[in-house]
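Peer 1: build me a model from this:
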Amino acid sequence: MQSIKIEINSDMGEGIGLHSFGNDGALMPLVDAINLACGWHAGDPAIMDQTVKTAVEHGVKIGAHPGLPDFTGFGRRRMALEPSEVGQIIRYQVGALTAFLGQHGAQLNHIKPHGALYGILAGDDDLMNEAAQVNLQYGVPFFGLAGTAHERVCANLGVEFIPELYVDLNYSAEGSLIIQRKPEQADPSAVKERIRRALSGQPILAIDGTEITIPFASICVHSDSPNAPEVAAAARSVVDDFASSAQ
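Peer 2: Take a look at the predicted model:
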């Protein structure tokens, strides 16, 4: 059974110009930390500024959510990257976010890559090493998948690692995430059941019914799923009930 404090995080600020995606306003009061898009897969200066301001008003922690330079594919299409490029693109985006954090008196809480970049780093120790160097530079944790290069490299470099449980995406039998190009609606009751099982130390079910164990310290709810506020509320209720029962 989980004995550490479990937080809920959500990807936010993923609009561009006049186009908004996700229901950040409804989600902000329900989460403990946000992963803020930094302008490459989504987001722009005005959205970053406003999202930081809103998060500060709600007392929500703010992490960077750097992605690949792919507006059209929303950063969910893979690219061939050299190790040096990984460090450069993450530093560039984190640097932009820290300027807005400073303006609002906030600090960088963590770094969590987005979409295809997240997946690429999970499977490549060399690329992940470059990514984790940015965490070392800023002295912040890395949010990622347990049992992958995310965790291995962070352990080798002494970077604090925060493993995540996803409640609105499916897992393969091998424990890897099944990324959707277009988000689908999640069943709040199924979300509650997955979290309850995970918190009690039971395995969760992969997409084919295989039982898998996912170590985690934070729960991710995506803001762009059709019923994201309902999913976040379901997750919040289970996490809060669990915390109360553990006291």
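Peer 1: least confident secondary structure element in this structure?
Peer 2: Among the helices and strands of the chain, strand 177-178 carries the lowest confidence by mean pLDDT, DSSP states H and E, at a mean of 84.
Peer 1: what packs against the helix or strand that that strand is followed by?
Peer 2: Next along the chain after strand 177-178, taking DSSP states H and E as the criterion, comes helix 188-199. If you count contacts as 3 or more C-beta pairs under 8 Å, 6 or more residues apart in numbering; DSSP states H and E, helix 188-199 packs onto strand 161-166, strand 204-205, helix 228-246. Where C-beta positions appear, they are placed from N, C-alpha and C, glycine not excepted.
Peer 1: now helix 188-199, how far from the chain's geometric center?
Peer 2: Helix 188-199 has its average C-alpha position 18 Å from the chain's average C-alpha position, going by C-alpha atoms, centre = their mean, to the nearest Å.
Peer 1: next one: stretch 142-151
Peer 2: Averaging C-alpha coordinates over stretch 142-151 and over its chain gives two centres that are 11 Å apart (C-alpha atoms, centre = their mean).
Peer 1: circling back to that earlier point, so which of the helices and strands packed on helix 188-199 is nearest G17?
Peer 2: For the helices and strands packed on helix 188-199, the distance to G17 is smallest for helix 228-246, at 21.1 Å, taking C-beta to C-beta.
Peer 1: taking helix 188-199 as reference, get the angle to that closest one.
Peer 2: Orientation of helix 228-246 against helix 188-199 (axes from the mean of the first three to the mean of the last three C-alpha atoms, to 10 degrees) gives an angle of 40 degrees.
Peer 1: could you spell out the sheet neighbours of the least confident helix or strand of the chain, each with its direction?
Peer 2: Strand 177-178 has these partner strands in its sheet, going by DSSP bridges: strand 170-171 (antiparallel).
Peer 1: can you tell me what sits against the strand it pairs with?
Peer 2: For strand 170-171, contacts defined as C-beta atoms under 8 Å, 6 or more residues apart in numbering pick out 177-178, 204, 206-207, 212, 214.
Peer 1: hey, which of the helices and strands packed on helix 188-199 is tucked in deepest?
Peer 2: For those, the stretch with the most neighbours on average is strand 161-166, a mean of 21; neighbours defined as mean count of other C-beta atoms under 10 Å.
Peer 1: pLDDT on the longest helix along the chain, on average?
Peer 2: Once the chain is assigned using DSSP state H, the helix that runs over the most residues is helix 83-103. Helix 83-103 comes out with an average pLDDT of 98.
Peer 1: from the contact counts, what lies against it?
Peer 2: For helix 83-103, the contact count by 3+ C-beta pairs under 8 Å, 6+ apart identifies helix 45-58, strand 61-65, strand 108-111, helix 115-122, helix 125-138 as packing neighbours.
Peer 1: S172 is nearest to which of these?
Peer 2: helix 115-122 (11.9 Å).
Peer 1: quick one, the closest one and strand 61-65 angle?
Peer 2: Between the axes of helix 115-122 and strand 61-65, defined by the same axes, to 10 degrees, the angle is 80 degrees.
Peer 1: quick one: contacts of helix 115-122?
Peer 2: Outside of helix 115-122, the residues that reach it under the criterion C-beta under 8 Å, 6+ apart are 41, 66-68, 70, 73-79, 81, 86, 89, 112-113, 127-128, 131, 144-145, 148-150, 176-177, 179.
Peer 1: ok, now which ones touch V31?
Peer 2: Under the contact definition (C-beta under 8 Å, 6+ apart), the residues listed for V31 are 7-10, 60, 221, 232, 236.
Peer 1: ok, now with 10 Å
Peer 2: The neighbours of V31, taking C-beta atoms under 10 Å, 6 or more residues apart in numbering as the test, are 7-10, 12, 24, 55, 58, 60-61, 218-221, 223, 232, 235-236.
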